[in-house]
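Asks: Predicted model and sequence below, questions to follow.
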Amino acid sequence: MAAEPESSQALQREAGRGLWFGMAAYGIWGLFPLYWPLLEPSASGDILANRMAWSLVVAVAVLTVRRHWAWVLPLLRQPRRLALSALAAAAISVNWGVYIWGVNSGHVVETSLGYFINPLVTIGFGVLVLRERLRRAQWAAVGVGALAVVVLTIGYGRLPWIALTLALSFAVYGLLKKKIALGGLESFALETAFIFPFAVGFLIYRSATGHAVFGHGAGHLTLLMLTGPITAVPLLLFGAAAIRIPLSTMGLLQYLAPVFQFLCGVLYFHEAMPGERWAGFALVWVALVLLTWDAARRLRAERADRVRSAGTAVVAGAGAGAGTGLAVGAVPVVPAPAPAGDVTR
């Protein structure tokens, strides 16, 4: 009889750990704007190339420690998945490059906007590419988001291209990852393997043409090398969180990253926020509230349906087992939603 409470306590402990892992992952992603300026005077392209190269080194080290290489050979016999992985690597390279440049060029707030509107762009991709049908609340959210872009364009005096590029590239990346269906660590290793030769080639070219990529002291070199671990660590934390807590919780945690980025831009870098930008961001936040409310309502409805189905099954099982002496236990626990897919920022 003591086994059930003990098992329940163990699940609660795991869920608690998962929550901390998720908060740590999104917290690290949200504080990235504080790190990239430390790598100056390196140019954004040099920082990006180092991030690509050292990320593969870290991925190989983790795979070696875990002795997790069995997936490689079967994957090499699947050219379609390899081609999609190469495209995903290109998409995340664009995302990383624009993000680093945006932060180091004084556009931290706009980079946060990119990740705020990313869910709206992803929904748009679902309609245009996957032919998904939107519910009324989702249509309303997309409409409010489009209005926000118009307001922000007026506020900035230009199209917020940094935010739109980040949102579009990450949405493309997510769409490709959905089709590839590969685990977080495996996809991270494969994607960085695709871009590693280009990164190393670029760094060699830069050094050969007189640009001191590694010529700013041991401390600077150490910070460049750490771009690998700081890319890999939040991804591993995210993976650990995704298997421990429900998708609905992960969906709420994902807003931590752009919130932290926004706060970094406003409070630490003191970027200007005139009234038009506040109005645009407020519209984006309204759209995200609509999305979150709609997702939570739908999740509750699906859980209620599963509970009713499970209850019906238990009643039917009791009737079937009545004449056989089979004991019928309590209604089965409804499984949590499938964990969210991996994220690479």
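Replies: Nice, I can see it.
Asks: where does residue 50 land on pLDDT?
Replies: pLDDT, residue 50: 94.
Asks: same deal with residue 175?
Replies: For residue 175, pLDDT reads 85.
Asks: Repeat that for residue 128.
Replies: In this prediction residue 128 is given a pLDDT of 77.
Asks: Count the residues that sit near it.
Replies: 9 (other Cβ atoms under 10 Å). C-beta here means a position set from N, CA and C on the backbone, and glycine is covered the same way.
Asks: do the same with the one 10 residues further on
Replies: Burial measure for residue 138: 23 neighbouring residues, criterion other Cβ under 10 Å.
Asks: Could you tell me which residues make contact with it?
Replies: Neighbouring residues of residue 138 by Cβ atoms under 8 Å, 6 or more residues apart in numbering: 123, 290, 291, 294.
Asks: List only buried entries from those residues.
Replies: 123, 290, 291, 294 (16 or more other Cβ atoms under 10 Å).
Asks: Quickly find the element holding the first one.
Replies: Spelled out, that is residue 123. For residue 123, the host element (DSSP states H and E) is helix 108-128.
Asks: Show me what that helix is packed against.
Replies: helix 79-104, helix 136-156, helix 161-180, helix 256-263, helix 275-321 (3 or more Cβ pairs under 8 Å, 6 or more residues apart in numbering; DSSP states H and E).
Asks: list the contacts for residue 63?
Replies: Per Cβ under 8 Å, 6+ apart, neighbours of residue 63: 69, 185, 189.
Asks: And for the closest residue to residue 92 other than its chain neighbours, the neighbour number?
Replies: Leaving out its chain neighbours, the residue that sits closest to residue 92 by Cβ to Cβ, 6 or more residues apart in numbering is residue 173, at 5.2 Å. Other residues lying near residue 173 total 23 when counted by other Cβ under 10 Å.
Asks: Start at 35, not 1
Replies: Okay, residue one is now 35; in that scheme the one you just asked about reads as residue 207.
Asks: need the contact list for residue 207.
Replies: By Cβ under 8 Å, 6+ apart, the neighbours of residue 207 are 122, 125, 126, 129, 378.
Asks: Export those residues to TSV and append columns for pLDDT.
Replies: What follows is the contacts of residue 207, written out as TSV (pLDDT from 0 to 100):
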residue	pLDDT
122	92
125	93
126	92
129	94
378	52
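Asks: which intervals of the stretch 35-184 of the chain have sub-threshold pLDDT?
Replies: 35-40 (pLDDT under 70).
Asks: do that again at 50, thanks
Replies: Scanning the stretch 35-184 of the chain with the threshold set as pLDDT under 50 gives 35-36.
Asks: related to what we said a few turns ago, of the contacts of residue 97, grab the buried ones for ChimeraX.
Replies: Remark: buried members of the contacts of residue 97, expressed as a ChimeraX selection using 16+ other Cβ under 10 Å:
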select :219,223
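Asks: can you redo the contacts of residue 97 as TSV with secondary structure?
Replies: Shown next, in TSV, are those (DSSP: H, G, I helix; E, B strand; the rest coil):
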residue	secondary structure
103	coil
219	helix
223	helix
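Asks: right, so of the helices and strands packed on helix 142-162, which gets closest to residue 274?
Replies: Among those, helix 290-297 comes nearest to residue 274, with 16.0 Å by Cβ to Cβ.
Asks: How about the helix or strand residue 95 falls within, which residues are buried there?
Replies: Using DSSP H and E, residue 95 falls within helix 78-100. Counting neighbours by 16+ other Cβ under 10 Å, one finds that the buried residues in helix 78-100 are 78-90, 92-93, 96-97.
Asks: Next: stretch 326-344.
Replies: Counting neighbours by 16+ other Cβ under 10 Å, stretch 326-344 gives 326, 328, 329, 337 as buried.
Asks: what sits against the first one?
Replies: Residues in contact with residue 326, defined by Cβ under 8 Å, 6+ apart, are 285, 286.
Asks: Distance check, it against residue 332.
Replies: Using Cβ to Cβ, to the nearest Å, one gets 11 Å for the distance from residue 326 to residue 332.
Asks: and if you look at residue 131?
Replies: Taking Cβ to Cβ, one finds residue 131 at 36 Å from residue 332.
Asks: thinking again about what came up before, closest to residue 266 out of the contacts of residue 97?
Replies: Closest to residue 266, out of all of those and judged by Cβ to Cβ, is residue 219, at 8.5 Å.
Asks: my read: the closest one touches residue 93, true?
Replies: Yes. The pair residue 219 and residue 93 qualifies as a contact (Cβ atoms under 8 Å) at a distance of 7.1 Å.
Asks: before we move on, back to that, and the two most separated of the buried residues of stretch 326-344?
Replies: 326 and 337 (16.4 Å).
Asks: Would you format the contacts of residue 172 as JSON lines with distance to residue 137 included?
Replies: As requested, the contacts of residue 172 are exported to JSON lines (distance: Cβ to Cβ, whole Å):
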{"residue": "157", "distance to residue 137": "26"}
{"residue": "324", "distance to residue 137": "29"}
{"residue": "325", "distance to residue 137": "26"}
{"residue": "328", "distance to residue 137": "32"}
